[in-house]
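# Return atomic coordinates for the entry below.
(chains A and B)
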Amino acid sequence: MLRKFREERLREIEELRRAGINPYPYKFNKTHTTQDIKEQFQYLQNGEVTDKRVSTAGRIMSLREHGKSAFFHLKDTYGRVQAYVRKDKTENFEFFKDHITVGDIVGIEGVVFKSNTGEITVLVEKFELLVKPLRPMPEKWHGIKDKEILYRQRYVDMIANDETIKRFRIRSEIIRLIREFLNAKGFYEVETPILQYLTGGASARPFVTHLNVFDIDMYLRIATELHLKRFIVGGFDKVYEIGRIFRNEGISYKHHPEFTSIELYQAYADYEDMMNLTEELVTYVVEKLFGTLKITYQGHEIDFTRPWRRVKMRDFIKERLGIDILEDSDEKMANFLKSKGVEVDIQDRGHMIEKLWDLVENEVVQPTFLLDHPVEISPLAKRHREDPRVTERFELIIFGREMANAFSELNDPVDQLERFMNQLRLRDLGDEEAQMLDKDFVRALEYGMPPTGGLGIGIDRLVMLLTDSPNIRDVIAFPLVRPEGDVDIEDLVENEALEIPTDERRERA
RNA sequence: GGGCCGCUAGCUCAGUAGGUAGAGCACCUGACUCUUAAUCAGGUGGCCGUGGGUUCGAGUCCCACGCGGCCCA
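Numbers count the residues shown, from 1 in each chain, chains lettered A, B, ... in the order given. A predicted model of the protein is given here:
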């Protein structure tokens, strides 16, 4: 069927060429989006006709032919608008009837009216075929449900499912609003290396690659933190970077090896300031997007109304599990975890504390600042001014997920070096996620970094929350999937001299 | 890594007890000048994920593998 369909289409394209019609024309002057048309002509009464001319373009998603007339819907970035062709009104109506069908991308020009049934419609006077696809469109009513197609061929998902285009529009909008907010506050957007000699700023396993020109292995960054702080050392007061982070770890509904973060640093600020900034930034985005601070995620109401709850990590775990992560012995924690059936790979107090938190994180649903993490799990955060066993750190937790992480940044180079050395001890214990010693970073701190507040937000998780998406892959346009078998396009090519090789990625597999 | 589920037409899905492969949409032909899942009549379309096994006979039962999903680690 597919083969036959493509052959028929290729024949039709040849036919068009012979008739002097270019099936792949160069441009079309589109004056209105589908949304513009629907907004500007909302006021029309049913059956009311205007003489207002518009031109628009998009893909034909549905077609209802009636002999000497036809209705169809055009889809673009913003949605769909109906159009109407008629033998007595549309130039070249016969061409439409013979050659235009669902899936074609066309440009139309005409006047706007509202149908008797109340739908804003363009009465087409002229139209132009802009491309004739070789493949059939997905089913118009059910769209695409097969997750494999959604992820591997996102373009098909976007064609078939209007919500998908909308979701990625919102993603773009969220990032735009974050920039708008920070730029207005005087932050500079900067860029730091993705290729790094050694990598740090987070506990994660890095990707390794090779730089030919120096013949050395390099890492893809696992965070932007250590370089952004160098900007602060150098004299920038407020910087941020939005960018791709790479962590060579598992894939789950909330993890993806390649994801997007924003980190920002503000000199002369502490984590209290960062909490206020986080509240302000997130509520700015939510309010601008939805006009309200209450949203629904997977059937649960999430209320962003300020101020958000603040709870110390120690208090929360003690309340839920009866374990005091500051006072109780390693042995008591180990026994407790064992009784819960939790395995701890690395025998270290910090790792046990992380596991304890994992047991209770799902109990936090509404936006909550989890405060004052122990020093051993926060190697880049400054010690708390009132209790040196913990740090001035918070994580923003929503719906059991870490959405943001922030500290009063550690700027004492001696303490920082000690923290790094402790991380090296963990490496020796087999913890491949422990941080590497970045001597240049310590050297930078020796030149003096002002007191600084820093904040990192996981953009993908924020987008999941604000688009009601259950899986992080739903908000990453082209998520990782295992390489598929060879993609069959051979029979499209008539020229036998053109030998199409098998997909390279399959060869490597 | 472990458990469970799925893979049938371009898409969404049926497939009984192991006995010649089905529907809707899409596509092709025809009718139809306000339809909107348009309607009506006719038609085309299948490596049933891949490989092996059991059987007179496998989409269906068994084994292995591939890809995907969900849950757990």
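# What is the longest strand belonging to chain A packed up against?
Ranked by residue count, the top strand of chain A under DSSP state E comes out as strand A:49-65. On a contact count with 3 or more CB pairs under 8 Å, 6 or more residues apart in numbering; DSSP states H and E, strand A:49-65 meets helix A:34-40, strand A:69-76, strand A:79-86, strand A:105-114, strand A:120-131. Yep, even glycine has a C-beta here, placed from its N, CA and C like the rest.
# Could you break chain A into its assigned domains?
Domain segmentation of chain A under the TED database yields A:1-137, A:163-195+A:221-308+A:366-474.
# so which of the ones you listed comes closest to RNA strand B?
For the domains of chain A, the distance to RNA strand B is smallest for domain A:1-137, at 2.6 Å, taking CB to the nearest atom of the strand.
# Now the terminal residues of that closest one, how far apart.
Distance across domain A:1-137, first residue to last, is 13 Å (CA to CA, to the nearest Å).
# show me where pLDDT drops low in the stretch 351-500 of chain A?
A:485-486, A:488-500 (pLDDT under 70).
# no wait, chain A
A:485-486, A:488-509.
# residue at max distance from the center of it?
Largest separation from the mean C-alpha position in chain A: A:Asp88, at 48.1 Å (CA atoms, centre = their mean).
# The closest residue in space to that one that isn't next to it in sequence - how many residues pack around it?
Counting by CB to CB, 6 or more residues apart in numbering, A:Asp88 lies nearest to A:Lys68, which is 7.8 Å off, once chain neighbours are set aside. By the measure other CB atoms under 10 Å, the count of residues near A:Lys68 is 11.
# Enumerate every residue touching A:Lys68.
A:Arg86, A:Lys87, A:Asp88, A:Phe93 (CB atoms under 8 Å, 6 or more residues apart in numbering).
# quick one: which of those has the most company?
Using other CB under 10 Å as the neighbour criterion, A:Phe93 leads the contacts of A:Lys68 with 18 neighbours.
# Near RNA strand B, which residues of the stretch 351-500 of chain A are found?
Contacts of the stretch 351-500 of chain A with RNA strand B, taken as CB under 7 Å from any atom of the strand, map to A:Pro470, A:Asn471, A:Arg473, A:Val481, A:Arg482, A:Glu484, A:Gly485.
# who's in contact with the fifth one?
Applying CB under 8 Å, 6+ apart to A:Arg482 gives no contacts.
# Distance check, it against A:Tyr151.
As for A:Arg482, its distance to A:Tyr151 is 10 Å (criterion: CB to CB, to the nearest Å).
# now swap in A:Phe5 and tell me
Taken as CB to CB, the span from A:Phe5 to A:Tyr151 is 24 Å.
# higher neighbour count, these two?
Counting neighbours by other CB under 10 Å for A:Phe5 and for A:Tyr151 shows that A:Tyr151 has the greater number, 18 against 13.
# Tell me the secondary structure of the more buried one, please.
For A:Tyr151, the secondary structure call by DSSP: H, G, I helix; E, B strand; the rest coil comes out as helix.
# For the lengthiest helix in chain A, list every residue counted as buried.
Determined from DSSP state H, the single longest helix within chain A is helix A:162-184. For helix A:162-184, the buried set under the neighbour-count rule, 16 or more other CB atoms under 10 Å, comprises A:Thr164, A:Ile165, A:Arg167, A:Phe168, A:Ile170, A:Arg171, A:Ile174, A:Ile175, A:Leu177, A:Ile178, A:Phe181, A:Leu182.
# Just confirm yes or no for the helix or strand containing A:Phe259 near RNA strand B.
According to DSSP states H and E, A:Phe259 maps onto strand A:258-267. No: Strand A:258-267 does not reach RNA strand B (CB under 7 Å from any atom of the strand); its nearest approach is 14.8 Å.
# mind listing the strands for the stretch 151-300 of chain A?
Here the stretch 151-300 of chain A has its strands, by DSSP state E, counting those that start in this stretch, at A:188-189, A:195-196, A:208-211, A:216-220, A:238-246, A:258-267, A:294-297, A:300-303.
# which of the ones you listed sits most buried?
The highest mean neighbour count among the strands of the stretch 151-300 of chain A, using mean count of other CB atoms under 10 Å, belongs to strand A:258-267: a mean of 22.
# Which other helices and strands does that one contact?
Packing partners of strand A:258-267 (3+ CB pairs under 8 Å, 6+ apart): helix A:225-234, strand A:238-246, helix A:271-290, strand A:452-458, helix A:459-466.
# Mind listing residues that contact the first one?
For helix A:225-234, the surrounding residues in contact (CB under 8 Å, 6+ apart) are A:190, A:192-193, A:200-202, A:239-241, A:263-265, A:267, A:380, A:409, A:438, A:441, A:444-445, A:447-450, A:452, A:454, A:456.
# Same check on the third one?
Counting by CB under 8 Å, 6+ apart, the neighbours of helix A:271-290 from elsewhere in the structure are A:170, A:173-174, A:177-178, A:181-182, A:264, A:266, A:269, A:292-293, A:295, A:304, A:306-308, A:310, A:367, A:369, A:392-394, A:396, A:404, A:406-408, A:453-455, A:457, A:462, A:466.
# out of those, which are buried?
Counted by 16+ other CB under 10 Å, the contacts of helix A:271-290 give A:170, A:174, A:177-178, A:181-182, A:264, A:266, A:269, A:295, A:304, A:308, A:367, A:369, A:392-394, A:396, A:404, A:406-408, A:453-455, A:457, A:462, A:466 as buried.
# OK, contacts around A:Gly201?
Shown in contact with A:Gly201 (CB under 8 Å, 6+ apart): A:Arg221, A:Ile222, A:Ala223, A:Thr224, A:Glu225, A:Leu226, A:Leu380, A:Gln435.
# hmm, 10 Å instead?
Contact partners of A:Gly201, counting by CB atoms under 10 Å, 6 or more residues apart in numbering, are A:192, A:221-229, A:245, A:263, A:379-380, A:435, A:438, A:441, A:454, A:456.
# and the residues you listed, which are buried?
Using 16+ other CB under 10 Å, the buried ones in the contacts of A:Gly201 are A:192, A:221-229, A:245, A:263, A:379-380, A:435, A:438, A:441, A:454, A:456.
# quick revisit: ok, so of the buried residues of helix A:162-184, who is nearest A:Leu123?
Taking CB to CB as the measure, A:Leu123 lies nearest A:Ile165 of these, at 26.2 Å.
# distance of the closest one from A:Gly107?
Noted for A:Ile165: a distance of 19 Å to A:Gly107, by CB to CB.
# A:Pro367 now?
46 Å.
# Same check on A:Arg244?
36 Å.
# Could you do A:Phe168 as well?
To A:Gly107, A:Phe168 is 24 Å away according to CB to CB.
# A:Ala404 too?
Counting by CB to CB, the gap from A:Ala404 to A:Gly107 is 45 Å.
# cool, A:Thr192 as well?
Note on A:Thr192: its distance to A:Gly107, by CB to CB, is 43 Å.
# before we move on, what about A:Val190?
42 Å.
# For the two, work out which one has more neighbours and name it.
A:Gly107 (19 against 14).
# just checking, that one touches A:His32?
No: if you go by CB atoms under 10 Å, A:Gly107 and A:His32 don't touch, sitting 11.2 Å apart.
# Overlap in contacts, these two.
Common neighbours of A:Gly107 and A:His32, using CB under 10 Å, 6+ apart, are A:Ser55, A:Thr56, A:Ala57.
# Was I right to think A:Pro257 contacts A:Arg473?
No: if you go by CB under 10 Å, A:Pro257 and A:Arg473 don't touch, sitting 11.5 Å apart.
# list residues touching both of these two?
Taking CB under 10 Å, 6+ apart as the criterion, A:Pro257 and A:Arg473 both touch A:Ile251, A:Pro479, A:Leu480.
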